[in-house]
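A.B. asks: Structure for the following, please:
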Amino acid sequence: MVENEISSIIIFSAIKVHRALGPGLLESVYEAALYYELTVNCGLEVKRQYPFKVFYDGQPMGKGFRADLIVENKVIIELKSVSEISKVFKKTLYSYLVLTDIHLGLLLNFNEVYLKDGIVRMVNELNE
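C.D. replies: I've put the predicted structure just below:
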């Protein structure tokens, strides 16, 4: 399955979760629900709170970062429940894509009345 197919499933699943739970809950609630939806109901491989090491000049730089969800090792999902998406969230997701060599990322803000207004799609050299 290619990144864009996975992305469609993720967005459909996220909207399903958002419709059931509504906006304004903690990110961890949406993360757990979306993880359940993607793994149990969609049968996808999903890593949750997956740790990545960061290297500089070939040397490990400590803990690095944790990605909220990684789907099929092809799409990174960063979840938020905030009043608005700031530029730093977008920059962070892009850095995650570059550091992991994953080509597609989705930033999902569940604190929107309509989830479609809280979806940011970011690519890193994606062959579409």
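
A.B. asks: got the contact list for stretch 48-61?
C.D. replies: Contacts to stretch 48-61, defined as C-beta atoms under 8 Å, 6 or more residues apart in numbering, come from residues 31, 35, 62-70, 96, 99-100. All C-beta atoms are positioned from the backbone trio N, CA, C, and that covers glycine.

A.B. asks: Same question for stretch 6-17.
C.D. replies: Residues outside stretch 6-17 that contact it (C-beta under 8 Å, 6+ apart) are 30, 33-34, 37-38, 41-42, 44, 71-72, 74-75, 77, 104, 106, 108, 110, 115-116, 119, 121.

A.B. asks: and residue 83, that's in a helix?
C.D. replies: No. Secondary structure assignment places residue 83 outside any helix; it is coil (DSSP: H, G, I helix; E, B strand; the rest coil).

A.B. asks: List phi and psi for it.
C.D. replies: Main-chain torsions, residue 83, degrees, to the nearest 10: phi -70, psi -30.

A.B. asks: out of the contacts of stretch 6-17, which are inside helices?
C.D. replies: Within the contacts of stretch 6-17, membership in helices is found for 30, 33-34, as judged by DSSP state H.

A.B. asks: Just among those residues, which is most surrounded?
C.D. replies: The most crowded member of these, judged by other C-beta atoms under 10 Å, is residue 34 (26 neighbours).

A.B. asks: residues of the strand or helix carrying residue 18 that come out buried?
C.D. replies: Element membership of residue 18 [criterion: DSSP states H and E] is helix 3-21. Judged by neighbour count (16 or more other C-beta atoms under 10 Å), helix 3-21 contains these buried residues: 3, 6-7, 9-11, 13-14, 17-18.

A.B. asks: Least confident of those?
C.D. replies: Summarising pLDDT for the buried residues of helix 3-21: the lowest-scoring member is residue 3, with 95.

A.B. asks: What is the neighbour count of the spatially closest residue to it that is not a sequence neighbour?
C.D. replies: In space, residue 3 comes closest to residue 104 once its chain neighbours are excluded; the distance is 4.2 Å by C-beta to C-beta, 6 or more residues apart in numbering. If you count neighbours by other C-beta under 10 Å, residue 104 ends up with 22.
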